[in-house]
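Participant: Got a predicted structure here, sequence first:
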Amino acid sequence: MEHITSDDIGSFPLPKGVARQDIGKMVINDPDQYGRLVQDIMRMKMLSGVNVPTYPQLQDMISQFLDPITNPTNWGDEPLVIKEGKARINELSAIEPVAKEYHDSSGEALGIRVCITGPVELHIRGYGPVIYADVLESLTKSLSHFVKNGILRKKHLETRVICIDEPSLGVDPQLILEDDELLIALEQVSNPAKGVDMQIHLHSPLEAEKIYEVEGINIIGIESASTPGSLDVISKSDLDKYDKFLRVGIARTDIDAMAAEYRDATGIDIWRDTSKAYQMIDEIESLKIIAMRLESASKKFGDRIKYAGPDCGLSGFIHQELALKLLKNAAMVISRFNMGT
């Protein structure tokens, strides 16, 4: 039986008293406090049993990369091309103490997943959906520096997978982008990651066929828990032909839709009575339901599934404990699947 690695996408609810708009200020004005916040959430993710957790992605996925890239003081010889030494992900430094704790107790390196916002998404959000080749190329060069610096091979902390997040591909009808520009950009971003699993996280499966041509990306992430039909677009024979693997979503993360469905079915509004949120997860995202999704995907794709976990990030969940419950459910299902139970 194939072995599937459990992971998560990255974002997570903030603790009570901390608002999303506080994070950017905290990163600049109180990096030590921000570091402690990241460490606490990383420990929670590890408690879930997820094999390869993503560093807690608490900052805005656009500004986290676009702000340092567009800051002229960070440029090298070319505009919008960040110096390699400036292309750092703060959270990777912040989780060092947690990784050392893990190494001290287990004797092993903590394996992590690094998520980087893709060049197309940064272009759309920073410069619009009509893609300018020169701007895309500069963004691509900058992101390749983030990828290079995101590959950690320390005795206590090791990067197992890097993911390029491109949520607008196949979704934004205003996007004007030539196929060859996309392929070249993704190839260049992924180039420094040789020897490390390279995922792309797509919010629509429609662009998956193009990714087959990108040599540097070996894993295609499909959100398939909330939209099971997304997997119908993928062909196992194509995966075999191009030697690509899947990262399948087996637990829903569209919390607003889940809450609306649950309210319609039961009359319970979890936003008004947050104590019922656990009950909702037990019913909508139970171990049995998540296992059925994984088994269905496995029957279709077999050993072409390499990773599985929640569809997307969990920042929209009501509180951290609810997000942790969903992570635990997904990780437990994958663990039982691997054991054949």
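Facilitator: Ah, there it is.

Participant: and I151, how many residues sit next to it?
Facilitator: I151: 15 surrounding residues under other C-beta atoms under 10 Å. Where C-beta positions appear, they are placed from N, C-alpha and C, glycine not excepted.

Participant: Which per-residue confidence value corresponds to it?
Facilitator: Among the per-residue scores, I151 holds a pLDDT of 97.

Participant: in which helix or strand would I find it?
Facilitator: Using DSSP states H and E, I151 sits within no helix or strand.

Participant: Please apply the same query to K155.
Facilitator: Using DSSP H and E, K155 falls outside every helix and strand.

Participant: Ok, I334 next?
Facilitator: Using DSSP H and E, I334 falls in helix 320-339.

Participant: Can you list the buried residues in that helix?
Facilitator: Neighbour-count burial for helix 320-339, counted by 16 or more other C-beta atoms under 10 Å, picks out 320, 322-334, 337.

Participant: Now it - C-alpha only, PDB.
Facilitator: The C-alpha coordinates for helix 320-339 follow below in PDB (Å, rounded to 0.1, in the frame of the first residue of the first chain):
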ATOM      1  CA  GLN A 320      -7.500  27.600  17.400                       C
ATOM      2  CA  GLU A 321      -9.000  24.600  19.200                       C
ATOM      3  CA  LEU A 322     -11.500  24.000  16.300                       C
ATOM      4  CA  ALA A 323      -8.700  24.200  13.700                       C
ATOM      5  CA  LEU A 324      -6.600  21.800  15.800                       C
ATOM      6  CA  LYS A 325      -9.500  19.400  15.900                       C
ATOM      7  CA  LEU A 326      -9.800  19.300  12.100                       C
ATOM      8  CA  LEU A 327      -6.100  18.900  11.700                       C
ATOM      9  CA  LYS A 328      -6.100  16.000  14.200                       C
ATOM     10  CA  ASN A 329      -9.000  14.300  12.300                       C
ATOM     11  CA  ALA A 330      -7.200  14.600   8.900                       C
ATOM     12  CA  ALA A 331      -3.900  13.400  10.400                       C
ATOM     13  CA  MET A 332      -5.500  10.500  12.100                       C
ATOM     14  CA  VAL A 333      -7.300   9.300   9.000                       C
ATOM     15  CA  ILE A 334      -4.000   9.400   7.000                       C
ATOM     16  CA  SER A 335      -2.100   7.600   9.700                       C
ATOM     17  CA  ARG A 336      -4.800   4.800   9.900                       C
ATOM     18  CA  PHE A 337      -4.800   4.600   6.100                       C
ATOM     19  CA  ASN A 338      -1.100   4.100   6.100                       C
ATOM     20  CA  MET A 339      -1.400   1.300   8.700                       C
END
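
Participant: Run through the neighbouring helices and strands of that helix.
Facilitator: Under the contact definition 3 or more C-beta pairs under 8 Å, 6 or more residues apart in numbering; DSSP states H and E, helix 320-339 sits against strand 5-6, helix 31-47, strand 245-251, helix 277-284, helix 287-301, strand 305-310.

Participant: could I get those as JSON lines with distance to E158, mean neighbour count and mean pLDDT?
Facilitator: Converted to JSON lines, those look like this (distance: least, C-beta to C-beta, whole Å; neighbours: other C-beta atoms under 10 Å; pLDDT from 0 to 100):
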{"stretch": "strand 5-6", "distance to E158": "13", "mean neighbour count": "22", "mean pLDDT": "98"}
{"stretch": "helix 31-47", "distance to E158": "14", "mean neighbour count": "18", "mean pLDDT": "96"}
{"stretch": "strand 245-251", "distance to E158": "19", "mean neighbour count": "26", "mean pLDDT": "98"}
{"stretch": "helix 277-284", "distance to E158": "31", "mean neighbour count": "17", "mean pLDDT": "93"}
{"stretch": "helix 287-301", "distance to E158": "26", "mean neighbour count": "17", "mean pLDDT": "97"}
{"stretch": "strand 305-310", "distance to E158": "16", "mean neighbour count": "26", "mean pLDDT": "98"}
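
Participant: Give the rounded mean pLDDT of the helix holding I334.
Facilitator: 96.

Participant: same thing with stretch 56-63?
Facilitator: In this model, stretch 56-63 has a mean pLDDT of 95.

Participant: and the end-to-end length of that stretch?
Facilitator: With C-alpha to C-alpha, to the nearest Å applied, stretch 56-63 spans 15 Å between its terminal residues.

Participant: follow-up on the earlier one: tell me how far the helix holding I334 lies from the chain's centre.
Facilitator: 16 Å (C-alpha atoms, centre = their mean, to the nearest Å).

Participant: Could you quantify the relative orientation of that helix and helix 277-284 as an angle?
Facilitator: Calculated by axes from the mean of the first three to the mean of the last three C-alpha atoms, to 10 degrees, helix 320-339 forms an angle of 30 degrees with helix 277-284.

Participant: tally of neighbours for K25?
Facilitator: For K25, the count of nearby residues is 10 (other C-beta under 10 Å).

Participant: Quickly note the distance from V196 to G249.
Facilitator: Distance, V196 to G249, by C-beta to C-beta, to the nearest Å: 21 Å.

Participant: I meant to write Q174 there.
Facilitator: When distance is defined by C-beta to C-beta, Q174 is 25 Å away from G249.

Participant: those strands in this structure, which residues are they?
Facilitator: Taking DSSP state E to define them, one finds strands in the chain at 5-6, 110-117, 157-166, 197-202, 219-222, 245-251, 305-310.
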